[in-house]
Every structure is written in C-alpha cells, then in structure tokens.
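> Turn this into a structure:
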Amino acid sequence: MATTTRSRTTGKAPLSAYVLSVLMALVLASIVGAIASVFYSENRVLGFVIFAACTVGTFFALGWVLFVSQYTVMEDPHAEDNIEHRWYDKATSGAFHDILTTGGIALVVLSITRVEISGVSVLLVLLILAMISVAVRFWAVRRRDS
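This next block holds a predicted model:
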C-alpha cells in the first residue's frame, strides 16, 4: 500500500492523458479477452467479448491513476496520520487473521471429509470472505473510534 494518498484536486489533465488511459484500458482488456478466448473452444468471440467487457473498467481506472491523476490530484504528505488510514490498517490486519483461521479450519474439514472443491470456488469464497471481513471490521472500528 502506498504511504501517501491523494486528496486535493489541482486542475485538468491534458487530453493526451485521457486518451492514454482509454487506450491502455482497451489494449489490456483486449489482451485479457484474447487470453480468455483461447480457453473457450465452443465460442471464442463470446469469451473474448465477455472478459474484455468485464475488465475494461478496471483497466480504465488503472489508466486514470497512472496518467490522469498526476494532473488532477495532489498527494497528501500526512496520509498516514489520517484516522481513516488507521481504521483501514486495523480492519485489514484483523481480516487477514480471519482468512488464516477460516482457511485453516476449512482445510481440516475438507481433509477429514475428503470433499473435493474446485479451486475457483475456494478462491471466490475466500475473496468474498475477505471483503466482508474488511468491511465489517472497518465499520466496527470506525464506529468505536468515533
């Protein structure tokens, strides 16, 4: 995680920064779509379109951070002193322990019962659990400290 966050707007970015962020999003989403289409033998075009469409927004956000944000927001030199940063640190460190504990318990249960679960399902459940844990812990810490 970065040691500084951005908070104040400073102006407009040049048109080239926006164009670069859009181009980067389209190129990277096309690459992901092309890679995904290799694994979809029944309908490669549909696999390409779905995966490209699902990732283009994320890649545009990444492009915005890389190209546009340097013109539109300023870094906060005291970001680590913000209360929100401390709340986030507490929430994520607690969620990490939740994931370790849950993963360990699930591993023991699955080993004993010999139930087979796909890797995609396991990763999806862990990701959702992590997001819920961070959100609940952040809300609880924020409520307790306010």
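> per-residue pLDDT, Leu127?
Leu127 carries a pLDDT score of 92 in this model.
> now Arg6
Note on Arg6: pLDDT of 50.
> swap in Ser69?
If you check Ser69, the pLDDT there is 88.
> for Ala2, same thing?
Looking at Ala2, its pLDDT reads 50.
> quick one: the helices in the protein?
Assigned by DSSP state H, the chain shows helices spanning 15-38, 44-63, 69-72, 83-113, 119-145.
> residues in contact with Ala106?
Val122 (CB atoms under 8 Å, 6 or more residues apart in numbering). For every residue, glycine as well, the C-beta is placed using N, CA and C.
> how far away is it from Ala52?
33 Å (CB to CB, to the nearest Å).
> try Ala34
Using CB to CB, one gets 8 Å for the distance from Ala34 to Ala52.
> who has more neighbours, the two?
Just comparing Ala34 and Ala52: by other CB atoms under 10 Å the higher neighbour count belongs to Ala52, 21 against 14.
> In terms of mean pLDDT, which of the helices of the chain ranks lowest?
helix 69-72 - the lowest mean pLDDT of the helices of the chain, at a mean of 85.
> can you pull the buried residues of that helix?
Using 16 or more other CB atoms under 10 Å as the test for burial, helix 69-72 gives Ser69.
> got it, and stretch 78-93?
85, 87-88, 90-91.
> what's the offset of it from the middle of its chain?
In terms of CA atoms, centre = their mean, to the nearest Å, the centre of stretch 78-93 is found 18 Å from the chain centre.
> can you check stretch 17-31 too?
On the basis of CA atoms, centre = their mean, stretch 17-31 sits 18 Å off its chain's mean C-alpha point.
> middle-most residue in this structure, spatially?
Residue closest to the mean C-alpha point of the chain, counted by CA atoms, centre = their mean, is Thr58 at 8.6 Å.
> Just give the nearest non-adjacent residue to Tyr88, would you?
Phe138 (6.5 Å; CB to CB, 6 or more residues apart in numbering).
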